[in-house]
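# what follows is a predicted structure for the sequence shown.
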Amino acid sequence: MELRDKVVVVTGGASGIGTGLCRRFSEEGVRGLVIADLNADAAADLAAELGGNSVALDVRDEAAIAAMVADTEAEFGQIDLFCSNAGILNLDGDEYWATSSDNDVWQRNWEIHVMAHIYAARACLPGMIKRGEGYFLHTVSAAGLLTQPYTAAYATTKHAAIGFAESLAITHGDDGVKVSCLCPQAVDTAMLGGTDGGAAGLDGVLSPAQVADAVVQGLREEAFLILPHEQVAQYHLNKAQNYDRWIGGMRKLRRSMRPPTLP
Ligand SMILES: NC(=O)c1ccc[n+]([C@@H]2O[C@H](COP(=O)([O-])OP(=O)(O)OC[C@H]3O[C@@H](n4cnc5c(N)ncnc54)[C@H](O)[C@@H]3O)[C@@H](O)[C@H]2O)c1
């Protein structure tokens, strides 16, 4: 897909990777840009700067996503690319067991990383199928392919996001619907909180602009996986070739990266 003259929606567009995407899409000459975020003020500021629309939105709210899609289609006639990008990161709770995060944390991760993608697809598919084309970009994470120590709720729901994207691509490819999953390791955003990214940062921390470059290239190629850190492709292959060896390697990685609060 080429972005020129396209109509694009970006959730979580008011910060980090989402803002990098919005800026780059604007440079590419999209004709409609909708920036949706919980942070209404930041979304409005960016929309004013880039000449887009802003929407105050919690992606956990299906009715709000449906209304945004309907409004955008009414204004621009269609949505060419819907980017489900909003996300949150929680470290496992105090004991750092895989089960330590409480149920509220698991539920929030599930709703934001998975259900929000389903809500967006449910709202956009009728228009896309009718036109015989449309594109979903899901910001997932390398953690959705490879897990990540100390973040069980994040890594598990990011795996589920990949699962839904696969179903979407397999089921609706023949309808002309394309899907890409963006799976970076560490990116220099508020989510990283000024840290080196821990395990995710071992191959370097990219800027949102570098990630946006990879996205534009990946959309051009219509690749299912967009991997701004190219090492992820090899790690993914290593996992598929020998799961037990890969689990052993991840245990070693986890041991080497104990959070400061652990003895
Ligand atoms: N930063 C990284 O290292 C990294 C690595 C891999 C994947 N990711 C993924 O990239 C995506 C963007 O994260 P980021 O790093 O730019 O973080 P960020 O914190 O800078 O931006 C996240 C944005 O999502 C918005 N948001 C959060 N919950 C929302 C909700 N319920 N409804 C609407 N908006 C909501 C926030 O307000 C914020 O503007 C996330 O899905 C994240 O999991 C980030």
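Sure thing, it's come through.
# how about Ser15, phi and psi?
phi -150, psi 160 (degrees, to the nearest 10).
# how about it: what's its closest non-neighbour residue?
For Ser15, ignoring the flanking residues on the chain, the nearest one in space by C-beta to C-beta, 6 or more residues apart in numbering is Ala190 at 5.5 Å. Glycine gets a C-beta too; all of them are placed from N, C-alpha and C.
# thought that neighbour was touching Gly16?
Yes. Ala190 is in contact with Gly16 according to C-beta atoms under 8 Å; the separation is 5.7 Å.
# neighbour count for these two, which is higher?
Here Ala190 and Gly16 are compared on neighbour count by other C-beta atoms under 10 Å; more neighbours surround Gly16, at 20 against 9.
# report how many residues lie close to the residue lying closest to the more buried one once chain neighbours are set aside.
Take Gly16 and drop its neighbours on the chain: the residue closest to it by C-beta to C-beta, 6+ apart is Thr189, 2.9 Å away. Neighbour count for Thr189, taken as other C-beta under 10 Å: 21.
# how far is the helix or strand encompassing Ala153 from where the chain is centred?
Ala153 is located in helix 152-172, with elements delineated by DSSP states H and E. Centroid separation for helix 152-172 versus its chain: 11 Å, with C-alpha atoms, centre = their mean, to the nearest Å.
# residues in contact with Ser180?
By C-beta atoms under 8 Å, 6 or more residues apart in numbering, the contact set of Ser180 is Tyr135, Phe136, Leu137, His138, Val215, Gly218, Leu219, Glu222, Ala223, Phe224, Leu225, Ile226.
# state the distance from it to Thr139.
Using C-beta to C-beta, to the nearest Å, Ser180 is found at 10 Å from Thr139.
# now swap in Ala153 and tell me
17 Å.
# which one of those two has more residues nearby?
Between Ala153 and Thr139, counting by other C-beta under 10 Å, Thr139 is the more crowded of the two (30 against 26).
# circling back: restricted to helices, list the contacts of Ser180.
Residues of these located in helices (DSSP state H): Val215, Gly218, Leu219.
# you'd agree the last one is up against Tyr135?
Pointing back at Leu219 there. Yes. Counting by C-beta under 8 Å, Leu219 touches Tyr135, with 7.1 Å between them.
# wasn't Val10 part of a helix?
No. Assignment of Val10 by DSSP: H, G, I helix; E, B strand; the rest coil gives strand, placing it outside any helix.
# and the pLDDT for it?
In the predicted model, Val10 carries a pLDDT score of 99.
# identify the residue spatially nearest to it, adjacent ones excluded.
Nearest residue to Val10 in three dimensions, chain neighbours excluded: Cys83, at 4.4 Å (C-beta to C-beta, 6+ apart).
# same check, this time on Ser141
Closest to Ser141 by C-beta to C-beta, 6+ apart is Lys158, at 4.8 Å.
# contacts only, for the one you found.
His113, Val140, Ser141, Ala143, Gly144.
# and if you look at Thr151?
Leu89, Asn90, Leu91, Asp92, Ala143.
# what about the second one, how many neighbours?
Counted by other C-beta under 10 Å, the residues lying close to Asn90 total 17.
# tell me if I am right that it is in a strand.
No. Assignment of Asn90 by three-state DSSP gives coil, placing it outside any strand.
# contacts for the helix or strand hosting Gln107?
Per DSSP H and E, Gln107 falls inside helix 103-110. If you take C-beta under 8 Å, 6+ apart as the criterion, helix 103-110 is touched by Arg60, Ile88, Asn90, Gly93, Ala153, Tyr154, Thr156, Thr157, Ala160.
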